[in-house]
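A.B. asks: Okay, predicted coordinates and the sequence, questions at the end:
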Amino acid sequence: MSESTKEILNKIESANTWEELGDILRGLEKITFGDRLSQLCIKYQIKPSKLQLEVAVSKTMFYDVMNGTRKPSKETVIKIALVMKITEEELNELLKLAGHKELYPKKKEDAIIIFGLKNKKDIVEIDELLKEYGSKIRIKEQ
């Protein structure tokens, strides 16, 4: 399993030589969205097939995302996070791997998502709150 960003940062901050930094850099793995999602499925004990059904995306699209031939939308990444009940840090990592920006608490929609994750709200509750505050983001299947 890969190291957390915090663990890597601690190693970088404690490195004193170029050689030590080189060792850290060589140890960094190039991880894809699909790789990380697979790791999270193991961590949260959810089968990818079950996740695909609960996120309500087509099998083709889901497995294209898993094998790296397609990038998921921000909404799809958020749905995955809410279904799996992952942490905000894990969601931000998935967003970056999918080519999106991290959640930004000063942005209304992102603040709602952060609140929902931290308070274990379900997709329907979060989607209703997004709608109430005029967000164009929809994470519940229409």
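C.D. replies: Now that the structure is in, tell me what you want to look at. Residues are numbered from 1 along each chain as shown.
A.B. asks: What distance do you get for the residue of the chain most remote from its centre to residue 133?
C.D. replies: Distance from the C-alpha centroid of the chain, by C-alpha atoms, centre = their mean, peaks at residue 17 (33.1 Å). Computed as C-beta to C-beta, to the nearest Å, the residue 17 to residue 133 distance reads 50 Å. Using the backbone N, CA and C atoms, a C-beta is placed for each residue, glycine as well.
A.B. asks: phi, psi of the residue farthest from the centre of the chain?
C.D. replies: phi -130, psi 160 (degrees, to the nearest 10).
A.B. asks: what does the helix or strand of the chain with the lowest mean pLDDT contact?
C.D. replies: Across the helices and strands of the chain, mean confidence by mean pLDDT, DSSP states H and E is lowest for helix 18-27: a mean of 85. Helix 18-27 is contacted by residues 8, 11-12, 15 when judged by C-beta atoms under 8 Å, 6 or more residues apart in numbering.
A.B. asks: circling back to that earlier point, read off the pLDDT value for the residue farthest from the centre of the chain.
C.D. replies: Reported pLDDT at residue 17 in the predicted model: 93.
A.B. asks: again with residue 139
C.D. replies: For residue 139, the predicted pLDDT is 78.
A.B. asks: how many other residues sit next to it?
C.D. replies: For residue 139, the neighbour count with other C-beta atoms under 10 Å is 25.
A.B. asks: can you give me the helices for this structure?
C.D. replies: 5-14, 18-27, 33-43, 48-55, 59-66, 74-84, 88-97, 108-118, 123-132 (DSSP state H).
A.B. asks: Just put those in CSV and tack on mean neighbour count and distance to residue 138.
C.D. replies: Output for the helices of the chain, formatted as CSV (neighbours: other C-beta atoms under 10 Å; distance: least, C-beta to C-beta, whole Å):
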stretch, mean neighbour count, distance to residue 138
helix 5-14, 11, 29
helix 18-27, 11, 40
helix 33-43, 17, 21
helix 48-55, 16, 13
helix 59-66, 17, 16
helix 74-84, 22, 7
helix 88-97, 19, 17
helix 108-118, 18, 10
helix 123-132, 16, 6
